[in-house]
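1. What follows is a predicted protein model with its sequence.
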Amino acid sequence: MTQEPKMPIMRALLLTLILAPLAPAQTAKPAPPPTLRSNLLAQLRSTHTSEEWFVPVNIAVSGLTPEQARWIPHSELGAKNPAPADHSVGMITYHLLFWNAASLAKMKGETPAPIPADNKDTFNKFDAATWPSTATKLDAVLTEMEHLVETADDAQLAKWADSIAHISTHNAYHVGQIIYVRKLQGTWDPDKGVKQ
């Protein structure tokens, strides 16, 4: 015949089981609350260098030769293609460089390069001979933009917040295209994807 444990022992055991998961939380330092600056930097870095929810642009464009960067997938729909112009990784990267550089110039209070009458020109002026430079310049522009956000005062951050949210969304959209083109081309290494 087994003897039932006494009530104080059961209570002590139950209390230990309930409080045990809380013990480490009491000794860990709480993370600082997010700020506008930390949120804007997280948005910019997620599309530039941070491997989080998706692949950032620096990884998306790495390892391509100029020839691979200029490869354009062609639709089997021909003239019936609803997207009249397919783009190469280089063309998309050049487009990102153009618009991020224009945004950076505005943030710095400078006059950006003239905006073409047709947005197609922000893709079509890509030259494969300048591919390494295009990728390097995009990295430099994004790095400088992040530095501006790190050092700006609160009033300036509030002024830039909406633009940075749109910049980050625009960059994420096109990084997805870059990965898709590389997959079609057969130059994408799936091990470079975000693993969760």
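-> Okay, I see it.
2. Tell me how far residue 115 lies from residue 185.
-> 30 Å (Cβ to Cβ, to the nearest Å). Just so you know, the C-beta spots here come from the backbone N, C-alpha and C atoms, and that holds for glycine as well.
3. so where do the helices sit in the protein?
-> In the chain, the helices defined using DSSP state H lie at 7-19, 22-27, 36-46, 57-61, 66-70, 89-107, 121-124, 131-151, 154-185.
4. Mean pLDDT, mean neighbour count and distance to residue 193 for those helices - can I get that in TSV?
-> Shown next, in TSV, are the helices of the chain (pLDDT from 0 to 100; neighbours: other Cβ atoms under 10 Å; distance: least, Cβ to Cβ, whole Å):
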stretch	mean pLDDT	mean neighbour count	distance to residue 193
helix 7-19	55	10	40
helix 22-27	55	8	32
helix 36-46	95	18	15
helix 57-61	96	22	9
helix 66-70	96	17	18
helix 89-107	97	22	16
helix 121-124	91	16	25
helix 131-151	97	17	19
helix 154-185	95	16	8
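5. Please render the ones you listed as CSV that adds distance to residue 191 to the earlier fields.
-> Output for the helices of the chain, formatted as CSV (distance: least, Cβ to Cβ, whole Å):
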stretch, distance to residue 191
helix 7-19, 41
helix 22-27, 33
helix 36-46, 20
helix 57-61, 11
helix 66-70, 18
helix 89-107, 18
helix 121-124, 29
helix 131-151, 20
helix 154-185, 13
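6. Test my guess that residue 88 contacts residue 69.
-> Yes. Assessed by Cβ atoms under 8 Å, residue 88 is found in contact with residue 69 at 6.3 Å.
7. where does residue 77 land on pLDDT?
-> Here, the pLDDT recorded for residue 77 equals 64.
8. cool, and residue 195?
-> For residue 195, pLDDT reads 55.
9. Likewise for residue 29?
-> 83.
10. Give me the number of neighbouring residues for it.
-> Other residues near residue 29 come to 5 when the count uses other Cβ atoms under 10 Å.
11. Which residues are in contact with the residue nearest to the spatial centre of the chain?
-> Closest residue to the average C-alpha location of the chain: residue 47 at 1.2 Å, with Cα atoms, centre = their mean. Each residue near residue 47 by Cβ atoms under 8 Å, 6 or more residues apart in numbering is listed here: 56-57, 142, 168, 171-172, 175.
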